[in-house]
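**Q** Structure here, sequence nowhere to be found:
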């Protein structure tokens, strides 16, 4: 039995490199799509590198595109996305790039086309800040 809401959001994508791989979902129920490296790299322990994804997105107004680590990759390799979760706002049209750090104890090899992260569109909310003298429950 299917439960919950399953919806898709049209997200225009501009491929900026012939090495870019279209983001793909592992399954019909995957919450995020896989994101692939466009370069080969060897990341030494404690080293941070910038990995280009080779595409830009036109995130629809009212949404953000969230990028986060993929558990199986982080667990097996020790790679971490430094600004996780990363957010691509609707007004960003730049190439997506990941700041990856090796927090493990061994070199990690990334090959062009390897899955290195995951991401997906999420509804975006903005706070409407209101200055108050006290909070409604009386706590500060």
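**A** Good, I have the coordinates. Here the structure is a predicted model, which means the values were calculated and not measured.

**Q** Mind checking what secondary structure the most centrally placed residue in the chain has?
**A** Geometric centre of the chain, nearest residue: residue 67, 1.2 Å, by C-alpha atoms, centre = their mean. For residue 67, the assignment made with DSSP: H, G, I helix; E, B strand; the rest coil gives strand.

**Q** what does residue 11 give?
**A** Assigned by three-state DSSP, the conformation of residue 11 is coil.

**Q** Double-check it against residue 56; I have them as touching.
**A** No: if you go by C-beta atoms under 8 Å, residue 11 and residue 56 don't touch, sitting 10.7 Å apart. Where you see a C-beta, it was placed from the backbone N, CA and C, and this is true even at glycine.

**Q** Chain neighbours aside, what residue packs nearest to residue 83?
**A** Excluding the flanking residues, the one nearest residue 83 by C-beta to C-beta, 6 or more residues apart in numbering is residue 99, at 5.8 Å.

**Q** what about the one you found, distance to residue 69?
**A** Distance, residue 99 to residue 69, using C-beta to C-beta, to the nearest Å: 12 Å.

**Q** Neighbour count for those two, which is higher?
**A** It is residue 69, of residue 99 and residue 69, that has more neighbours when counted by other C-beta atoms under 10 Å, with 19 against 14.

**Q** Can you give me the neighbour number for the closest residue to the more buried one other than its chain neighbours?
**A** What sits nearest to residue 69 in space, not counting adjacent residues and going by C-beta to C-beta, 6+ apart, is residue 81, at 5.0 Å. Using other C-beta under 10 Å, residue 81 is surrounded by 21 other residues.
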